[in-house]
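Novice: compute the structure for the input listed below.
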Amino acid sequence: MDHTDITLRPIGHVHSPRVEPLDDHWGNVPAVIRLDPDRFGPEALFGLAEFSHLEVVFHFHLVADERIESGARRPRGNPDWPLVGIFAQRGKNRPNRLAVSRCSLVRVDGPEVHVRGLDAIEGTPVLDLKPYLAEFGPRGPVAQPAWSTELMTDYYAD
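Specialist: Residues are numbered from 1 along each chain as shown. All right, here's what the predicted structure looks like:
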């Protein structure tokens with residue numbers, strides 16, 4: 001098995017009024033993803049404005065090493081929810097601290113991408129940005145346990 005380390009360099013950073021990684025109410029939060037001007041010009045975003053939604057890959061940069069989960073836990077520490085493995089939930093204390101999120105694209109302005117509903121806080125390193133294509137969404141019915149639906153009740157609420 002190859003244990004080669006991977007080095008990722010942010011393509012930009014999030015600028016948001018949210019400065020704490022709170023669990024809920026991300027739906028109407030505006031944010032700007034500002035590309036690294038030393039690496040990318042506005043042409044890197046040509047054509048992006050034609051899309052309504054984005055997929056954003058970012059790094060949970062504030063999660064300390066000692067907070068990383070590698071086994072099972074109850075989501076949000078809720079004793080009413082089952083013990084589930086870190087790969088069966090979307091918590092931020094993931095082994096590689098990677099996040100994938102979808103948000104609405106508001107506009108592209110030069111090297112800045114204005115979005116709404118991105119669950120990332122001020123200063124978050126952005127690793128990649130992609131237009132969301134319906135064809136990449138799930139094929140067939142989506143199944144998920146009741147606890148996850150309950151957990152998400154207020155996640156994207158205003």
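
Novice: could you check how far Pro75 is from Pro141?
Specialist: To Pro141, Pro75 is 23 Å away according to C-beta to C-beta, to the nearest Å. For every residue, glycine as well, the C-beta is placed using N, CA and C.

Novice: tell me which of these two has more neighbours.
Specialist: Pro75 (18 against 5; other C-beta atoms under 10 Å).

Novice: residues touching the more buried one, list them.
Specialist: Trp81, Val84, Gln89, Gly91, Trp147, Ser148, Leu151 (C-beta atoms under 8 Å, 6 or more residues apart in numbering).

Novice: then Asp23?
Specialist: By C-beta under 8 Å, 6+ apart, the neighbours of Asp23 are Arg76, Tyr155.

Novice: can you tell me which helix or strand it belongs to?
Specialist: Using DSSP states H and E, Asp23 sits in no helix or strand.

Novice: what about it, distance to Asp154?
Specialist: Here the criterion is C-beta to C-beta. By it, Asp23 lies 8 Å from Asp154.

Novice: and for Gly110?
Specialist: Distance from Gly110 to Asp154, counting by C-beta to C-beta: 34 Å.

Novice: also Val113?
Specialist: For Val113, the distance to Asp154 equals 26 Å [C-beta to C-beta].

Novice: pick out whichever of the two has more residues nearby.
Specialist: Val113 (26 against 13).
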